[in-house]
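Undergrad: the following block contains a protein sequence and its predicted model.
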Amino acid sequence: MKVFDRFRKREKEGNKQQEKKQSSLEKKEYLFKITLLGDGAVGKTSLRKRYMGQGFTTQHLMTIGADFAILEKEIEGNKLTWQIWDLAGQESFKKVRSMYYKGCFGALLVFDMTRRSSFENLDIWLKELYKHSGRGKIPVIVLGNKADLADQREVFPEDVEKYVAKLQKSVAKEGVEVKYLETSALTGLNVEKAFNMLGEAIMKYLRARGK
Ligand SMILES: Nc1nc2c(ncn2[C@@H]2O[C@H](COP(=O)(O)OP(=O)(O)OP(=O)(O)O)[C@@H](O)[C@H]2O)c(=O)[nH]1
Ligand SMILES: [Mg+2]
């Protein structure tokens, strides 16, 4: 129960920040709530930490429920505040997780390229995201993580390209973008690019809706 209360408190803090930022949207300041999702141990927290300049650790400290982070960056000359909800991938957190999706504008959908099952489960994650975001289909960047271990890969670029093309087709009507990148939280490969791509996709999504 105590853990649950802590999550609620963090969510409240996040919402307060969002209200404050939205009132200053005209000053070209953006606040994007996003989620990081995918199976346990695919590297969500590691990617977030790498993007936040917090380095890399080989330890797997399983996320409990969700980790929350705020980060300010510049994008296309505008100030962008990321509100990142880094969700727990383990099945046991499914119930708790659902409340963190609400109101998010986009997601980094992560699989581990050395673990085929984490790729095959992407649709389950997408379903969960679309169901709980409250916005339906939203921009998604698919990340094949652990590219530094590419010699042990169980998922090949052509598999993902096929998957992403199908997904892109299914959301094209809504003017939503889906893209794919291979990343490594260990080396930092494409980590900055992944967040930038998502930021740009969200901007396009908002512009298409006159926002
Ligand atoms: N070699 C390599 N290992 C990685 C990479 N990213 C993460 N790891 C390792 O994978 C394990 C899991 O990483 P986490 O970032 O904790 O995974 P997670 O997706 O947040 O897991 P949950 O919070 O349980 O859902 C850790 O041992 C990391 O060191 C990567 O790009 N390359
Ligand atoms: Mg984690």
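TA: All right, it came through fine. Residues are numbered from 1 along each chain as shown. Ligands and ions are numbered 1, 2, ... in the order given.
Undergrad: OK, contacts around N78?
TA: K28, E29, Y30 (CB atoms under 8 Å, 6 or more residues apart in numbering). Every C-beta, even on glycine, is put in place using the N, C-alpha and C of the backbone.
Undergrad: now with 10 Å, please.
TA: Shown in contact with N78 (CB atoms under 10 Å, 6 or more residues apart in numbering): K27, K28, E29, Y30, G199, M203.
Undergrad: quick one: the helices in the protein?
TA: For the chain, the helices defined by DSSP state H cover 2-22, 44-51, 94-97, 116-120, 122-132, 157-171, 191-208.
Undergrad: of the ones you listed, which stretch is the most buried?
TA: Across those, averaging neighbours per residue (mean count of other CB atoms under 10 Å) puts helix 44-51 on top, at a mean of 24.
Undergrad: any idea of the mean pLDDT in that helix?
TA: For helix 44-51, mean pLDDT is 97.
Undergrad: with distance to V164 and pLDDT added, can I get the contacts of N78 in JSON lines?
TA: Formatted as JSON lines, the contacts of N78 follow (distance: CB to CB, whole Å; pLDDT from 0 to 100):
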{"residue": "K27", "distance to V164": "35", "pLDDT": "55"}
{"residue": "K28", "distance to V164": "31", "pLDDT": "74"}
{"residue": "E29", "distance to V164": "31", "pLDDT": "84"}
{"residue": "Y30", "distance to V164": "25", "pLDDT": "88"}
{"residue": "G199", "distance to V164": "19", "pLDDT": "92"}
{"residue": "M203", "distance to V164": "20", "pLDDT": "89"}
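Undergrad: from those residues, pick the one nearest L80.
TA: Checking the contacts of N78 against L80 by CB to CB gives Y30 as the nearest, at 4.8 Å.
Undergrad: run a quick neighbour tally on that closest one.
TA: The tally of other residues near Y30 (other CB atoms under 10 Å) stands at 22.
Undergrad: near ligand 2, which residues of the chain? Just list them.
TA: Within the chain, the positions adjacent to ligand 2 are K44, T45, T63 by CB under 5 Å from the ion.
Undergrad: quick check: the last one vs F56, distance?
TA: To F56, T63 is 16 Å away according to CB to CB, to the nearest Å.
Undergrad: same check on the first one?
TA: Shown here: K44 relative to F56, a distance of 13 Å by CB to CB.
Undergrad: near ligand 1, which residues of the protein are found?
TA: Counting by CB under 6 Å from any ligand atom, the residues of the chain lying close to ligand 1 are 40-46, 57-63, 88-90, 145-146, 148-149, 184-186.
Undergrad: okay then, goodbye and thanks.
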